[in-house]
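In: Predicted model and sequence follow; I will ask about them next.
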Amino acid sequence: MTPPARRGRMPAVSDADIRRVARVLLVGRGAEALTLRAIARELGITAPALYRYYPSREDLVAAVRRDICVHMAEDLAAQVAELPEDGVVRLFAICRGFRRWALDHRNEFTLVFASPADGGAGGLRRFDESFGLVFLEAAGRLLATYDLVTPPTDRIPDALREDLIGFQNELLAVLAESGQKFPAEKLDLGVAYLMMTMWARLYGHVTLEVFGNYPMPVSDPDALFDAVLAELAAGIGVSAG
């Protein structure tokens, strides 16, 4: 650990230095280690010096969270870049890649995906973030080339319709701004409902596995995850492969 520098000999640091040290602390010790005092100590500066870059811990955590999402999206995009253009292949490869990333980066997963929205870190709340756009790109390929089985709109619970309309409008706005090749004319309420429920099931399963909260001992979690993907695929009329 680097001792604090003497007054008058404060080392020069950059925003990148701060975020790098914060990420190291997060990976090694968890989100509770992300304090301005701890980061300053590692950099050999005083905690007040960090306020030049981040007014609060919450601002710093938000920046770290954004970095994590960008890096994860880049990793997932690289994994599927060499795969066939098939939307099914790419979408379920991303699902598998997300699970592997979560298991390999538990503290980062916790910060991004398992923190309250008002707790400073936030979770994945929007599809216009880098990670969400990776999913949208694959979903667009899927919708463009497959006739999926989607729930009839009259079977969608009335209590969810207003929320789904808002979600649908948000997705359309994201698509218009991002240049995603997504057939917007196919994005009806049934598809919006399908996307929401598929994400809920994928996220729920991965969260259970990351935190070891299966309701029973599972000797082969890979087999269980593959079975979940197979059910999700069958539900929309395709095969997860």
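Out: Alright, I've got the coordinates.
In: so for stretch 111-119, what's the average pLDDT?
Out: Mean pLDDT, computed over stretch 111-119, is 72.
In: Check stretch 157-165 too.
Out: pLDDT averaged over stretch 157-165 gives 93.
In: Report the buried residues of that stretch.
Out: Of all the residues in stretch 157-165, those buried under the rule 16 or more other CB atoms under 10 Å are residue 164. Glycine gets a C-beta too; all of them are placed from N, C-alpha and C.
In: With just CA atoms, put that stretch into CSV.
Out: Extracted in CSV, the C-alpha atoms of stretch 157-165 (Å, rounded to 0.1, in the frame of the first residue of the first chain):
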residue,chain,number,x,y,z
PRO,A,157,-52.1,-8.5,-18.0
ASP,A,158,-54.0,-5.2,-18.0
ALA,A,159,-52.0,-4.0,-15.1
LEU,A,160,-48.8,-4.2,-17.1
ARG,A,161,-50.0,-2.5,-20.3
GLU,A,162,-49.1,1.1,-19.3
ASP,A,163,-45.6,0.1,-18.2
LEU,A,164,-45.1,-1.9,-21.4
ILE,A,165,-46.2,1.0,-23.6
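In: distance of the residue nearest to residue 57 when sequence neighbours are not counted from residue 191?
Out: Counting by CB to CB, 6 or more residues apart in numbering, residue 57 lies nearest to residue 36, which is 5.7 Å off, once chain neighbours are set aside. Distance of residue 36 to residue 191, given as CB to CB, to the nearest Å: 44 Å.
In: what about stretch 112-131, how long is it end to end?
Out: End-to-end span of stretch 112-131 (CA to CA, to the nearest Å): 11 Å.
In: Show residues contacting the longest helix along the chain.
Out: Scanning the chain for the helix with the most residues, using DSSP state H, yields helix 57-81. Outside helix 57-81, the residues within contact range by CB atoms under 8 Å, 6 or more residues apart in numbering are 18-19, 22-23, 26, 31, 34-36, 39, 50, 53-54, 90, 93-94, 97-98, 101, 105, 108, 111-112, 120-122, 124, 129-131, 133-134, 138.
In: what's near enough to touch residue 191?
Out: Contacts for residue 191 (CB under 8 Å, 6+ apart) come out as 143, 148, 150.
In: quick one on the thing from earlier: show me which of the contacts of helix 57-81 are buried.
Out: Buried among the contacts of helix 57-81 (16+ other CB under 10 Å): 18-19, 22-23, 26, 31, 34, 36, 39, 50, 53-54, 90, 93-94, 97-98, 101, 105, 108, 111-112, 120-122, 129-131, 133-134, 138.
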